[in-house]
Every structure is written in C-alpha cells, then in structure tokens.
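S.K.: fold the following.
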Amino acid sequence: MYLWENRNFETLFINHKLTLRTARQFVKMVCRYYCVRPITLKSVWLGPKSWTAQQLPNRLEVNMDRAIGWNLPLLAHELAHHILDKKLGPDHEAHGALWFGVYLHILDKYRILGADATLPSTRRYGLRVKHPDKCKPGDL
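M.R.: Next up is the predicted model:
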C-alpha cells in the first residue's frame, strides 16, 4: 500500500503542500460529510528519518521535517483511518478493503485523484479495495 501511494502520489505529496489552516478546513469538511467529529491536527518536528504521520486518539501529528508536510493525499489517508475508527471502532483492518474504499472515495469526491485512475492501479499492486462508490457515509 505504501509503495502504491509513493508511486502514485509522489508529485502530489511534494508539490501540493497545504498550510495548517487549509489542512484543518479540509479535515472539517470531510468529517462533516462522514458525520464524525473532526480530528485535531498538530505539526511536529522529529527529523527527516522519523515517521511521517502518527494518529493518536482524536489527534493527528505530522512530522514537518519529512519532505511531504501537510498535503491532501496524506490527509485523505489519515482521515480514512479516523472515520473508520469513529464509525466501527478501532478493530477494523488498518489498510483493508473497506479502509481503502473510504480512502479512494475521499480522493475521488474531493477531486484529489479520480477513482478512474486509482482503481486500475490498485489492481496492478494486488491491493484489496471495496469500490469507492460503496464507501459513502450511509454505507458504513
């Protein structure tokens, strides 16, 4: 999954950085759509060899020393975790088919990367994905 993200989003990660304010606005919009409480965002500086993002209960920390910083694909990835944690509890499969479907639905709905581009590429990497059209708020 991370290899798939890196190959598909490398330029999106690097060239589409957001301010923390814009990142917070995006989080509020997606969480409102899925009817879950927004997660709090926090910037941390831990060095370039440390983790990129860490999700704690009700808080997402992003390591600003990594090249990618705040960006839409990263937020969509972490929001898919947050949404499923709130809707289903913490026991869902972390990068399973349902999580991937929610992730791709967010990417598609907010025009970050269309499902017509992402779905074929997930098959090439052998990733299990629930169709994004079946991962809207009423489907969870």
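
S.K.: Gln55 is in contact with His81, isn't it?
M.R.: Yes. Counting by CB atoms under 8 Å, Gln55 does reach His81; the two are 5.8 Å apart. (Each C-beta comes from the backbone N, C-alpha and C, glycine too.)

S.K.: the two: who's more crowded?
M.R.: Taking neighbours as other CB atoms under 10 Å, Gln55 and His81 compare with His81 leading, 20 against 16.

S.K.: ok, now how distant is the more buried one from His16?
M.R.: Separation of His81 from His16 (CB to CB, to the nearest Å) stands at 20 Å.

S.K.: again, but for Leu3
M.R.: 20 Å.

S.K.: compare the two (neighbour count), which wins?
M.R.: His16 (16 against 9).

S.K.: isn't Val30 up against Ala80?
M.R.: No. Counting by CB under 8 Å, Val30 does not reach Ala80; the two are 9.3 Å apart.

S.K.: overlap of the contact sets of the two?
M.R.: Counting by CB atoms under 8 Å, 6 or more residues apart in numbering, the shared contacts of Val30 and Ala80 are Ile106.

S.K.: before we move on, which element is the residue of the chain most remote from its centre in?
M.R.: In the chain, the residue that sits farthest from the middle, by CA atoms, centre = their mean, is Gly47; the gap is 21.9 Å. For Gly47, there is no host helix or strand (DSSP states H and E).
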